[in-house]
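Visitor: coords below, sequence missing:
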Ligand SMILES: Cc1cc2nc3c(=O)[nH]c(=O)nc-3n(C[C@H](O)[C@H](O)[C@H](O)COP(=O)(O)OP(=O)(O)OC[C@H]3O[C@@H](n4cnc5c(N)ncnc54)[C@H](O)[C@@H]3O)c2cc1C
C-alpha cells in the first residue's frame, strides 16, 4: 500500500467559540474601507498595529509554552485562527513567518537565551523574522548554499548573499542557512544562525516584483561578525533543521487560500444572475476547498499528536497551489465580454492582483517540481 | 473501523479480488460470507438494529471493496437495509437494490420497469422508493442484461410479483442521491488506491534504458500526481462519510459534503486513470493485466449517481443562494450545525 494517510481530523465542535471570537475580532479590527484588493494582498499586507492586536488577543505564538509568553494551545486551535485570518485576507505579513516557522524552529532547536530573546516578542506580534535560505546560486538546490559562516574567536564571520528574502527590510531577525563546513559535505557542512538584522555589515536592498511591489530583497553579508550564541541548534545540523523549518512552512492552510478573495469577488459580480456555468464553476472550486481544508485539518491533527506530516503537507501544497492558480483562469472564463471590459473596479483590481501573484504560488516554499520529487521519494521511487 | 472487522473484511475481499479476464459476476460464496459478517447492515445505526458500525465504517468497507474490484451490490444492499430499518421493516436477505418509482405513482405494480439496476440479475428483492412510501418487491424479475463501462451488471428489471411489503417513509430524493454519491465516492477512493499501488509497483519493476522507469523524473511526477489525487479522494470520501449521520437532520449540510466528495472524486478519477495508463505503457492496455479493473471502474463510477457537472451545479446553486459574503461560513460550516 502506497497510501499517504490523512487521518480523519478531530471534530469542529470544540473550536466553535474560538472561531466566533476570531470572526468577531476581524469584523472590527480590519481598517475601514479594507477592500477586496487589500484582502487579496493578505500575505503582503504588512501592518504591525494589526499584528500587535492579534498578539494582545493571544493569537500569536499560540502553541508556544507559557514560559516564553506563549499560550500552550493546540495546533488545531492555531489552525482555526490562521485559516480565519487568511480567509478574511487580513494583513498578516508582519508576523507571519515568525509565527509560522521561526518560533517553532527556535523552540525546538534554539538555546534557552535565544528562546527568551525572541519568543515573547513573536507572541506579542512585535518581533518579525525573515527566511534566509535562497541565494543567487542556490534555489531549489538549497544544499548548494555558499554563504559562509567561518568560526572565528568568540563567534562567526559571515560572507555571502541571500536572495528573495521576503520582508527582510521590515524584519528584526533572519534565520540564516549557511555553510560552516566544507562545500563537499553538502548537508553536514551547514548550520543555522540567528541574525539580528541590525548587525553591522548586513546590507538589505529591495527587489521589485513584476507588479511593482516591494516585498522581497537581497541581503548581503560582508564580514558580518555574530557571537557564538547566534548558532541555532548544533553546528553541522543545518540541513536537518532547515528541513523541519520547511515542514512548518508548508503545513498550514496558506497554500490554498491565497486566491480566496478573488473567488468571493467572482461570486459577488455574478450573484445577481448566476448561470449554470457560474454555478458549476463555483461549486467545483468550493468542493476543492472543502477537501483541501479537510486535509489541512488532518495535518493539524497530526501535529497535535506529535506526528510528522511533512509528506501530507507537501501534497496539500501542490494541490492547493494548483487550485489557487486556476482561480483567475476560471474567473476569466466567466466574463465573456473580457475582464478588460468589466466595469466593477474592485473585481478587476482583485483579479489583476491574484493573476500577477499566481506564478509565485508554486515557486515559494519549494517549487512544484521539487514537491513532486519529495512525494515520489515518499512513495519509494528514486 | 475496528481492526478486527477491517482485517476480516480485507481478508475476505482479497480472497475474492476481481479477475481481469473475467466479467464481474456475483459469486454466491462471497455473498454468503458478506451476509455472515453482517456487511449488509453496516450502514444501519445500532439503535435501528444495525451491527454497531458507524457510517464511516460502512464507507471504509466499500473502499476496501473498491480496492479489490469486488463484484457485488454492496452499496445498494447497505442502502436498502438502511431504508428498511428507517421504515421499521424487517431486514431482507440476499442482494438488494434500491430503485426510485416514477413520481406520481402510488405503488409498484407488476410490470414496473427500472433501468441500470446494479447487479439486478442477482437481486433477491427491490426496495422501491416512492413519494412518502417504500415497497419491497421480491424476485423474479424479467431481466434485460446491461453493463457499465467496467462490465459490472447494470440491468433493466421488470417486476413480475406484487409488492411483499409497504411502509410509510418519506425519503428526500436529493438525500437519497447524495447517499448514493457518497457510497460511490468511497468505492472510487479504493479503486484509486489500487491504481496507485499497481503503478508504483510497475514503475519500480519495468526497466527501460537500463533502469527502472520509476527513476525517470517525468514518471515520478506523474506518480506523485496520482498519489496526491488519490489522497484527495480518500479525504473527500472520509469527509462525506462523516456527514452521513446528519443526512436527515441537516440535509443541506450533508448534501454539500456529498456533492463536494463526488465532484472531487470524479475529477481525480479521470486524472488518475489517464496517468496510470500512461505510466504502464501497452501492458496496462491489455485485458490480462489488472489495471483496467480499476480504471474502468473509476470511469464508470464517476458517471454514476451524478457527475461532476451535476453535483457542482447543485453545490454552486446552494452557495449562490447564500451569497458571496457567506461563502467562507458555508465552506467551514460543520455538518449538523445550524447555518
Ligand atoms: C514571492 C517569493 C518570495 C520568496 N521568499 C523567499 C524568502 O523569504 N526566503 C527565501 O529563502 N527564499 C524565498 N523565495 C525563493 C524561493 O524559495 C525560490 O524561488 C525557490 O526555492 C526556487 O528557487 P529558484 O527561484 O532559484 O529557481 P530554480 O531552483 O533555479 O528553479 C527554476 C526551475 O527549475 C526547476 N528545477 C530546479 N531543480 C530541479 C530539479 N532537481 N528537478 C526538476 N526541476 C527542477 C524548478 O522547479 C523551477 O521550475 C521566494 C520566492 C518568491 C517567488
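Guide: Received it, and whenever you're ready, just let me know what you need. From a predicted model like this one, the values you see are computed outputs, not experimental measurements.
Visitor: which SSE is residue A:130 in?
Guide: Per DSSP states H and E, residue A:130 falls inside strand A:129-132.
Visitor: buried residues, whichever helix or strand comes after that strand. List them.
Guide: Using DSSP H and E, the helix or strand that follows strand A:129-132 towards the C-terminus is strand A:148-152. With burial defined by 16 or more other C-beta atoms under 10 Å in any protein chain shown, the residues of strand A:148-152 counted as buried are A:148, A:149. (Glycine included, C-beta is placed from N, CA and C.)
Visitor: now do stretch A:96-111
Guide: Neighbour count says stretch A:96-111 has A:96-107, A:109-110 buried, by 16+ other C-beta under 10 Å.
Visitor: among these, name the ones in strands.
Guide: Among the buried residues of stretch A:96-111, no member falls in strands (DSSP state E).
Visitor: show me what contacts the closest residue to chain B within the stretch 1-150 of chain A?
Guide: Nearest residue of the stretch 1-150 of chain A to chain B, counting by C-beta to the nearest C-beta: residue A:12, 4.0 Å away. By C-beta atoms under 8 Å, 6 or more residues apart in numbering or on different chains, residue A:12 lies in contact with B:332, B:334.
Visitor: try residue B:76
Guide: By C-beta under 8 Å, 6+ apart, the contact set of residue B:76 is B:95, B:96, B:97, B:98, B:118, B:119.
Visitor: now intersect the residues you listed with the strands, please.
Guide: Judged by DSSP E, the contacts of residue B:76 include B:96, B:97, B:98, B:118 as members of strands.
Visitor: tell me where the chain has helices.
Guide: You didn't pick a chain, so chain A it is. In chain A, the segments counted as helices under DSSP state H are A:16-29, A:36-41, A:48-56, A:75-87, A:93-97, A:103-109, A:112-124, A:238-250, A:254-257, A:260-270, A:276-304, A:310-333, A:345-361, A:368-378.
Visitor: if you could check chain B rather than the one you did, that'd help
Guide: Using DSSP H, helices in chain B cover B:3-15, B:28-36, B:55-67, B:74-87, B:173-205, B:217-243, B:251-280, B:291-302, B:308-322, B:327-332.
Visitor: related to what we said a few turns ago, tabulate the buried residues of stretch A:96-111 (a markdown table), appending distance to residue A:33 and pLDDT.
Guide: Formatted as a markdown table, the buried residues of stretch A:96-111 follow (distance: C-beta to C-beta, whole Å; pLDDT from 0 to 100):
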| residue | distance to residue A:33 | pLDDT |
| --- | --- | --- |
| A:96 | 23 | 97 |
| A:97 | 27 | 97 |
| A:98 | 28 | 98 |
| A:99 | 26 | 97 |
| A:100 | 28 | 96 |
| A:101 | 32 | 96 |
| A:102 | 32 | 97 |
| A:103 | 32 | 98 |
| A:104 | 35 | 96 |
| A:105 | 37 | 97 |
| A:106 | 37 | 98 |
| A:107 | 38 | 98 |
| A:109 | 42 | 97 |
| A:110 | 40 | 98 |
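Visitor: name the nearest residue to residue B:166, sequence neighbours excluded.
Guide: Of all residues not flanking residue B:166 in the chain, residue B:135 sits nearest, at 4.8 Å (C-beta to C-beta, 6 or more residues apart in numbering or on different chains).
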